[in-house]
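> what follows is a predicted protein model with its sequence.
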Amino acid sequence: MLSDKFRKLSISTRIAFSFAFVIFIGSLLLSLPISTAVTSQNTYFDNLFTAVSLTCVTGLSTTPISESYTIFGQVICIILMQIGGLGLMTIIATILMRLGKKISYTDTMAVKEALNREKLGDFKTYVLSIFKYTLVIEGIGMFLLALRFVPDFGWAKGLFTSLFLAVSGFCNAGFDNMGAISLQNYVHDPLVTSVIATLIILGGIGFSVWFDVTFNVYSIIKNKKKLGFKKMYRLLRPHTRLAINMSVILLVAGTIMFMVVEWNNASSIGNYTVPQKIMVSFFQSVTMRTAGFATIDYATVLPFSLLFSIFLMFIGGSPGGAAGGIKTTTFALVVLLVINEIRGQNNVNYASHSIPVETIRRAIVVVFTFFACLMTGFSVLLIVEEQPFVILLFEAVSALGTVGVSVNLTPELSRIGQTVLMFLMFIGRIGPITIFLSLVRRKGKRKERVYAKTNILIG
């Protein structure tokens with residue numbers, strides 16, 4: 001039986017196949033006449049590219065959503081983004097649990113791997129909570145966005161646009177159904193930019209982080225404890241604290257850097273007021289790490305801003321959420337390793353805890369694998385495309401980091417270049433380490449080989 005063969009596959013391979021299956025079905029659905037707008041000139045390749053980008057919650061596209069698909073097609077887009085953000089395995093597990101079906105151990109491990117969750121305890125409650133909180137957060141986001149879009153577009157289009165953007169924002173997809181210029185018409189709108197930014201942060205911080213925060217806040221309220229901020233913060237798990245700290249640092253650094261560099265650039269934010277510069281710079285710092293929405297034209301920013309944005313996209317969001325990149329905690333562990341080596345410390349410590357060596361090794365492998373995938377795809381783009389070096393690197397990192405911001409380049413690439421972006425998006429969504437395990441994992445126990453020690457000169 002096909003289902004039996006699927007269950008015998010490794011966990012990482014099953015995750016990869018689940019996303020590939022959704023992409024294929026999505027491309028077929030988007031190619032249906034009922035999905036295609038009258039003015040659309042999309043080929044199957046364009047629909048496949050869009051399906052990859054939607055399911056991998058990236059945001060890159062060869063043609064605008066609003067000009068390519070009907071309302072039915074855009075509903076398919078919403079479903080693909082939702083599946084990509086939560087993960088197909090998570091949605092299937094949630095449905096089965098709602099139906100009272102038992103989840104096998106291998107299926108539980110597959111969902112655990114997809115969510116990047118450490119423990120299996122109380123797994124049913126955890127998965128169902130993800131589904132519930134996702135609907136609640138997206139619902140609130142839709143309501144708030146409707147306050148702006150219903151007056152602008154009317155009830156039907158306004159509510160649908162709000163739903164589309166709420167799902168896209170929380171899933172860190174970066175897609176919109178408003179045209180080729182994304183959210184540039186709302187660059188100075190505090191309601192739209194703040195709601196979208198909040199959805200991006202909540203979706204990219206990781207499910208385990210906001211569950212930990214919610215649990216501790218609920219416990220404090222229930223027990224009527226009066227604690228200061230520091231004591232409340234120390235109740236959080238080390239992973240939660242590290243993810244929050246890194247996210248805040250990157251958001252602040254990204255905002256300041258973009259604002260300082262682009263301050264006098266009349267083509268981007270040079271002619272804005274100071275509050276507008278701060279708001280726009282903050283939004284770019286938020287969206288550049290994982291989401292892909294654009295309130296400015298990135299073809300107008302300075303080269304250093306593109307280079308620093310590449311750095312932010314490479315890091316991405318936090319584990320266990322809808323974000324891409326190597327992840328904030330992975331980057332933090334590598335930095336802590338370097339700092340501790342400089343200090344001559346044997347252990348990597350954080351928040352009065354020592355990080356296991358296996359975790360540090362995995363972080364290094366993730367960074368190396370991510371970088372290797374990036375260089376491979378980027379090298380192919382350099383060969384087949386005649387575009388500036390920085391712009392091609394920006395596009396490659398945007399695809400692999402599942403960010404989706406483009407310097408108006410994606411539609412101009414050749415089919416080979418666009419195919420490279422599809423592979424980068426797919427690898428970036430399911431994770432470099434998952435691809436690595438899918439290709440090299442073999443059955444059976446590994447045999448550790450130990451030889452006589454020797455020294456290798458470095459530096």
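Received the coordinates, thanks. Here the structure is a predicted model, which means the values were calculated and not measured.
> can you map out the strands along the stretch 251-400 of the chain?
Under the criterion DSSP state E, counting those that start in this stretch, strands of the stretch 251-400 of the chain are mapped to 348-350, 353-355.
> hey, which of these is tucked in deepest?
Stretch with highest mean neighbour count among the strands of the stretch 251-400 of the chain: strand 348-350 (a mean of 17; mean count of other CB atoms under 10 Å). No exception for glycine: its C-beta is placed from N, CA and C like everyone else's.
> how distant is it from the center of its chain?
Relative to the chain's own centre, strand 348-350 is displaced by 26 Å; criterion: CA atoms, centre = their mean, to the nearest Å.
> same check on stretch 310-328?
Offset of stretch 310-328 from its chain centre (CA atoms, centre = their mean): 6 Å.
> isn't Thr328 right next to Leu251, touching?
No: using CB atoms under 8 Å, Thr328 is not in contact with Leu251, being 10.5 Å away.
> just so I know, which of the strands of the stretch 251-400 of the chain lies nearest Lys222?
Nearest of the strands of the stretch 251-400 of the chain to Lys222, taken as CB to CB: strand 353-355 at 26.5 Å.
> for the closest one, packing partners?
For strand 353-355, the elements it packs on are strand 348-350, judged by 3 or more CB pairs under 8 Å, 6 or more residues apart in numbering; DSSP states H and E.
> one more pass at 10 Å, please.
Applying 3 or more CB pairs under 10 Å, 6 or more residues apart in numbering; DSSP states H and E, one finds that strand 353-355 contacts helix 238-262, helix 328-343, strand 348-350.
> now the angle between helix 328-343 and the longest one, please.
If I follow you right, that is helix 238-262. Helix 238-262 and helix 328-343 are oriented at 90 degrees to each other (axes from the mean of the first three to the mean of the last three CA atoms, to 10 degrees).
> who are the packing partners of helix 238-262?
helix 190-204, helix 207-223, helix 229-234, helix 274-288, helix 303-315, helix 328-343, strand 348-350, strand 353-355.
> list the buried residues in the longest one.
Which is helix 207-223. Phe207, Ser208, Val209, Trp210, Phe211, Asp212, Val213, Asn216 (16 or more other CB atoms under 10 Å).
> need those in TSV (columns: distance to Leu306 and pLDDT).
Output for these, formatted as TSV (distance: CB to CB, whole Å; pLDDT from 0 to 100):
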residue	distance to Leu306	pLDDT
Phe207	31	82
Ser208	32	82
Val209	29	87
Trp210	31	81
Phe211	36	83
Asp212	35	85
Val213	34	86
Asn216	39	83
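> return the most buried member of the helices and strands packed on strand 353-355.
helix 238-262 (a mean of 19).
> still on that earlier bit, could you export the helices and strands packed on strand 353-355 as TSV, including distance to Leu183?
Formatted as TSV, those follow (distance: least, CB to CB, whole Å):
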stretch	distance to Leu183
helix 238-262	16
helix 328-343	24
strand 348-350	37
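> please name the nearest non-neighbouring residue to the residue nearest to the spatial centre of the chain.
The centroid of the chain falls nearest to Ala323 when counting by CA atoms, centre = their mean (2.0 Å). Of all residues not flanking Ala323 in the chain, Gly317 sits nearest, at 2.3 Å (CB to CB, 6 or more residues apart in numbering).
> who does the helix or strand hosting Ala146 touch, helix- and strand-wise?
Using DSSP states H and E, Ala146 sits in helix 123-153. In terms of contacts (3+ CB pairs under 10 Å, 6+ apart), helix 123-153 is packed against helix 71-86, helix 88-98, helix 105-115, helix 155-170, helix 190-204, helix 207-223.
> which one of the ones you listed has the lowest average pLDDT?
Ranked by mean pLDDT, the helices and strands packed on helix 123-153 bottom out at helix 105-115, which scores a mean of 63.
> avg pLDDT for stretch 240-259?
94.
> same check, this time on stretch 430-441
Taken as a whole, stretch 430-441 carries a mean pLDDT of 61.
> report the secondary structure state of Phe175.
Assigned state for Phe175: coil (three-state reduction, DSSP: H, G, I helix; E, B strand; the rest coil).
> tell me the confidence at it?
Phe175 carries a pLDDT score of 92 in this model.
> distance check, the closest residue to it other than its chain neighbours against Phe211.
In space, and not counting its chain neighbours, Phe175 is closest to Ser168: 4.8 Å by CB to CB, 6+ apart. Going from Ser168 to Phe211 by CB to CB, to the nearest Å gives 23 Å.
> got it, and Ser162?
Using CB to CB, one gets 26 Å for the distance from Ser162 to Phe211.
> out of the helices and strands packed on strand 353-355, which is closest to Asn42?
Of these, nearest to Asn42 by CB to CB is helix 238-262, at 33.8 Å.
> residues in contact with Ala363?
The contact partners of Ala363, by CB atoms under 10 Å, 6 or more residues apart in numbering, come to 326-327, 329-334, 336-337, 348, 355, 433.
> again, only this time at 7 Å
Listed by CB atoms under 7 Å, 6 or more residues apart in numbering, the contact partners of Ala363 are Thr330, Leu333, Val334.
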